[in-house]
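In: Just to be clear, the model below is a prediction. Sequence and coordinates:
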Amino acid sequence: MDNDILIKNGTVMDGTGSPAVRADVVVRGDRIEDVGSFPDAKATNVIDAEGLAVAPGFIDAHTHLDFFLTSPRHPEVMERWVRQGVTTIVAGNCGFSPAPIRSEAQDTVSTYWNFAFPKDGLTFEWATMAEYFDHMNRSGLAYNVAVLTGHNVLRMNLMGMQERAPSADEMSEMKKMLKESLDAGSIGLSIGLLYCPGCFSRTEEITELASVLTESGAPLVTHTRGMSEIYDHAVQEVIRVAETNRIPLHLSHHFGGFETGKLVSPTEWKTKVSFLLAKLMGESFTVKNQLKTMPSHLRAVELIGKAQERGVEIGHDMLPWICAFTSLLAILPPRLYAGGFDKLFDQLRDPDVRKAIIKEKETAFPKWPTWDNDWWTDNMFDGCFMLGGFRNEGNRKYENMRLRDIAKDRGTDIYNTAFDLILEEKGKIFFIYSIDDQTISDWIGAWAISDPNCAIMTDIVGVDHPNPAPVSYGAFTKVLGQFARDKGMMTQEEAIRKMTSLPARQMQLKDRGIIKKGAYADLTVFNPKTVKNCASFKEPHRFSEGIEHVLINGKPVLENGTYDPKSLAGTVIRRT
């Protein structure tokens, strides 16, 4: 038996969650030729996996990397993913995708979603999803990528940031663009109802647009209309959309239900005391106590369970830290966007408008339905936010500083500091929220990913900037090492399932996420005893350990811990 690659003597964790078995894996071309015992097999490249585990390549179920993957620098910048075993990226999330895009929407997307862009900019060399896919394949990809079509971009193409429902003709055109994107290979529809202009849509609009998915059965992937105390209503809304259209539903970063105005600031003394008390009370007590403050999350979980009993297919994803990141523009009242960015920036220069915004920020609570309550889905803001993505030379000293410290340096309050920075950076700035490297973050993070239907993801923004969050360096290895092996909260086989066959099924990635004869040869070989995340908020830019070999489409990209950024073994995974 002559083959391209033989991985012998390994312990195969096939991605299904079944107990690991000792077996050889034979690879020919971009596929797995066979799995079993082949003592006489020969190959051009033999990998001795004695003492190592062989798993399907990991799938990052929720990213914002689609714009950055067009940069020729992405293989070097994104090395951190392969070093935690990732071979496939799911992108186009939260209602934003690089295509289809019309010229009139490019500047708006480039401003609002700039955290996903290369820091040296991006030229749209495509208009349709098919052209975008062809561009990436021609340019070369370090990873496989599967892309959702974003509702927000569809809306921007036709309506800009207008605060209204689409006309019949506009809806027809949005449905046409979505259908063309699906036909080109896009894997589904994503919505981001926190963000403008998606927040200006009503349930009827989402339901009609999602009807395009019914024929193919492609998934609806949702950043719900609120991660706050209206989370149960927001989840119920998208369940209704999916059930009406008989399509699968996927809930992105499913850990909503936080109360407005009660964001935990990790630098305050009272918070530090509460963290110490939590450690004394223990993990079980602390997690239960946290969930008591999130009744809308518990109601959402109940709604999901009832919908699943009715036959609605529902999955979700989460990262193993308590942290969040997005554009600083997201703190502003949604109504300010209705006239576009030029008008928004003009309003921010008006002292009276600023006073009104501050008053609104201090008093506004999301209520359902949001369209009867000034469109507020989430009202989040705190001086503990760390800011990033600065391009203005005079502001670069603030990279990864907390907003309250920047305000102190500037001699003003956190609100006006945020408004000033938005203007100075022309909206191209993002924030990071976390509770740092607290034990409670691990406890809650472990609980959040423990659901059998929860896939693992990174959700990182500002990949081309020194983002202080460790997620993109160690989300997968943290689950494999700390949560599975060290804490024993699941087997490593189950952890692998949550990174491989589960997201592959949720996103309908055929022949991915599993080790079996005929599947694509996306493979990760790791040491189950030593695999671990090494990154933290204190030291965020440290590669994971224990990932020894990675193959993408049968091509080695990491060999004995050495990464080859020139391999460009990835491809666009098109829905078929």
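Out: Nice, thanks for sending it over. Given the structure is predicted, the values throughout are model-derived calculations rather than measurements. Numbering: from 1, shown residues only.

In: Give me the buried positions along the top helix by length along the chain.
Out: Scanning the chain for the longest helix, with DSSP state H as the assignment, gives helix 168-184. Judged by neighbour count using 16 or more other Cβ atoms under 10 Å, the buried positions of helix 168-184 are 170-171, 174-175, 177-182, 184. C-beta: built from backbone N, CA, C; applies to glycine.

In: which residues does residue 315 form a beta bridge with?
Out: residue 250 (DSSP bridges).

In: Just give me the neighbour total for it.
Out: Taking other Cβ atoms under 10 Å as the neighbour definition, residue 315 ends up with a count of 24.

In: again with the one 5 residues further on
Out: When neighbours are counted by other Cβ under 10 Å, residue 320 registers 25.

In: ditto for the one 4 residues further on
Out: If you count neighbours by other Cβ under 10 Å, residue 324 ends up with 21.

In: how about the strands in the stretch 1-150 of the chain?
Out: Using DSSP state E, counting those that start in this stretch, the strands assigned to the stretch 1-150 of the chain run over residues 2-12, 21-28, 31-36, 42-48, 53-56, 58-60, 86-91, 144-147, 149-150.

In: Which one of those lies nearest to residue 518?
Out: Closest to residue 518 of the strands of the stretch 1-150 of the chain, according to Cβ to Cβ: strand 31-36, at 6.1 Å.

In: remind me which residues of the stretch 51-200 of the chain are low pLDDT?
Out: Scanning the stretch 51-200 of the chain for pLDDT under 70 picks out no residues.

In: got it, and the stretch 351-500 of the chain?
Out: Low-confidence segments of the stretch 351-500 of the chain, defined by pLDDT under 70: none present.

In: hmm, back to that, let me have the buried residues of helix 168-184 in CSV, extended by distance to residue 72.
Out: Below are those laid out as CSV (distance: Cβ to Cβ, whole Å):
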residue, distance to residue 72
170, 36
171, 38
174, 32
175, 35
177, 28
178, 30
179, 32
180, 28
181, 25
182, 28
184, 23
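
In: Check the residues you listed against residue 21 and report the nearest one.
Out: Lowest distance from residue 21 to the buried residues of helix 168-184 (Cβ to Cβ) belongs to residue 182, with 37.9 Å.

In: Next up, the contacts around the closest one.
Out: With contact taken as Cβ atoms under 8 Å, 6 or more residues apart in numbering, residue 182 is in contact with 149, 188, 212-213, 216, 218, 575.

In: cool, and residue 219?
Out: 187-189, 213, 247-250, 506-508.

In: Next: residue 499.
Out: Counting by Cβ under 8 Å, 6+ apart, residue 499 touches 55, 58-59, 85, 455-456, 476, 479-480.

In: before we move on, what about residue 528?
Out: Applying Cβ under 8 Å, 6+ apart, one finds that residue 528 lies in contact with 11, 52-53, 480, 485, 492, 546.

In: from these, which is closest to residue 533?
Out: Nearest to residue 533, judged by Cβ to Cβ, of those is residue 480 at 8.5 Å.

In: is it fair to say the closest one lies in a helix?
Out: Yes. Applying DSSP: H, G, I helix; E, B strand; the rest coil, one finds residue 480 inside a helix.

In: what about it, how many residues close to it?
Out: 34.

In: Surely it is in contact with residue 529?
Out: No. Residue 480 lies out of contact with residue 529 (Cβ atoms under 8 Å); the separation is 11.0 Å.

In: And the contacts of the helix or strand containing residue 353?
Out: The secondary structure element spanning residue 353 is helix 351-363 (assigned by DSSP states H and E). Applying Cβ under 8 Å, 6+ apart, the contact partners of helix 351-363 are 331-333, 336, 347-348, 374, 379, 381, 415-416, 419.

In: And for stretch 273-285?
Out: The contact list for stretch 273-285, computed with Cβ under 8 Å, 6+ apart, reads 266, 286, 289, 435, 438-440, 443.

In: Which of those residues are buried? Put it as a ChimeraX command.
Out: Under the burial definition 16+ other Cβ under 10 Å, those of these that qualify are selected in ChimeraX by:
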select :266,286,435,438,440,443
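
In: Now the contacts of stretch 273-285 in a markdown table, please, with extra columns for secondary structure and distance to residue 111.
Out: Below are the contacts of stretch 273-285 laid out as a markdown table (DSSP: H, G, I helix; E, B strand; the rest coil; distance: Cβ to Cβ, whole Å):
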| residue | secondary structure | distance to residue 111 |
| --- | --- | --- |
| 266 | coil | 30 |
| 286 | helix | 40 |
| 289 | helix | 40 |
| 435 | coil | 30 |
| 438 | coil | 34 |
| 439 | helix | 39 |
| 440 | helix | 36 |
| 443 | helix | 38 |
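
In: Which two of the contacts of stretch 273-285 have the greatest separation?
Out: Of all pairs drawn from these, the one with the longest distance (Cβ to Cβ) is 266 and 289, at 17.2 Å.

In: Excluding chain neighbours, what is closest to residue 417?
Out: Nearest non-adjacent residue to residue 417, counting by Cβ to Cβ, 6 or more residues apart in numbering: residue 407, 4.0 Å away.

In: What score does residue 270 have for pLDDT?
Out: Residue 270 carries a pLDDT value of 83.

In: what's the burial count for it?
Out: Burial of residue 270, expressed as a neighbour count using other Cβ under 10 Å, amounts to 9.

In: I'd like the distance between it and residue 277.
Out: Using Cβ to Cβ, to the nearest Å, one gets 11 Å for the distance from residue 270 to residue 277.

In: Return the distance of the helix holding residue 353 from the chain's centre.
Out: Computed by Cα atoms, centre = their mean, to the nearest Å, the chain-centroid distance of helix 351-363 equals 31 Å.

In: For the remainder of this discussion, apply numbering that starts at 42.
Out: Sure, I'll start counting at 42 from here, so that last one is helix 392-404.

In: which outside residues touch the next helix or strand after it?
Out: Stepping forward along the backbone from helix 392-404, the first helix or strand reached (DSSP H and E) is strand 427-429. Contacts made with strand 427-429 from outside it, assessed by Cβ under 8 Å, 6+ apart, are listed as 369, 439-444, 447, 462, 470-475, 503, 506-509.
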